[in-house]
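A.B. asks: need the 3D shape of this:
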Amino acid sequence: MRELRNRGISQDISTSIIEEVYSEINEHDLSERALARRLKGPIESLAEMRRLYQYLIRQGFDGCLAQSILRTHMTQPEVDDDNI
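C.D. replies: Numbers count the residues shown, from 1 in each chain. From the prediction side, this is the model:
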């Protein structure tokens, strides 16, 4: 948004452009790609899950989506979400 505004594009137009672009992005696929950059194999510990969860949050992903994605990569999927 800032870059578009710095180039002289009005806020209304830049907002519209960004909304259109992001509406076409599948956030689930995007989060899987982000996780793939850090994931070395199945998640085997709660500490590793917490680290990866924080990574996804810092990347701007929703907490519920991050938990859902991480659960699919765990060796023990019954980890309580309250411990993340």
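
A.B. asks: neighbouring contacts of the helix or strand hosting Ser16?
C.D. replies: Element membership of Ser16, judged by DSSP states H and E, is helix 11-23. When contacts are defined by Cβ atoms under 8 Å, 6 or more residues apart in numbering, helix 11-23 is touched by residues Met1, Leu4, Arg5, Ile9. (Each C-beta comes from the backbone N, C-alpha and C, glycine too.)

A.B. asks: turn these into a markdown table, including pLDDT.
C.D. replies: Formatted as a markdown table, the contacts of helix 11-23 follow (pLDDT from 0 to 100):
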| residue | pLDDT |
| --- | --- |
| Met1 | 78 |
| Leu4 | 85 |
| Arg5 | 84 |
| Ile9 | 90 |
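
A.B. asks: format those residues as TSV; extra columns: distance to Gln59 and secondary structure.
C.D. replies: TSV is the format used below for these (distance: Cβ to Cβ, whole Å; DSSP: H, G, I helix; E, B strand; the rest coil):
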residue	distance to Gln59	secondary structure
Met1	17	coil
Leu4	21	helix
Arg5	23	helix
Ile9	25	coil
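
A.B. asks: which members of those residues are the farthest-apart pair?
C.D. replies: Farthest apart among these by Cβ to Cβ are Met1 and Ile9. That separation is 9.5 Å.

A.B. asks: between those two, point out the one with more neighbours.
C.D. replies: Between Met1 and Ile9, Ile9 has the larger neighbour count (other Cβ atoms under 10 Å), namely 15 against 11.

A.B. asks: excluding chain neighbours, give the residue nearest to the more buried one in space.
C.D. replies: Ile17 (7.7 Å; Cβ to Cβ, 6 or more residues apart in numbering).

A.B. asks: list the buried residues of the helix or strand in which Ile57 is found.
C.D. replies: Secondary structure from DSSP H and E places Ile57 in helix 46-58. Applying a neighbour-count criterion of 16 or more other Cβ atoms under 10 Å, one finds Glu48, Met49, Leu52, Tyr53, Tyr55, Leu56 buried in helix 46-58.

A.B. asks: got a list of contacts for stretch 32-45?
C.D. replies: Everything outside stretch 32-45 that qualifies as a contact, by Cβ under 8 Å, 6+ apart, is Met49, Leu52, Tyr55, Leu56, Gln59, Phe61, Ile69, Leu70, His73, Met74, Thr75, Gln76.
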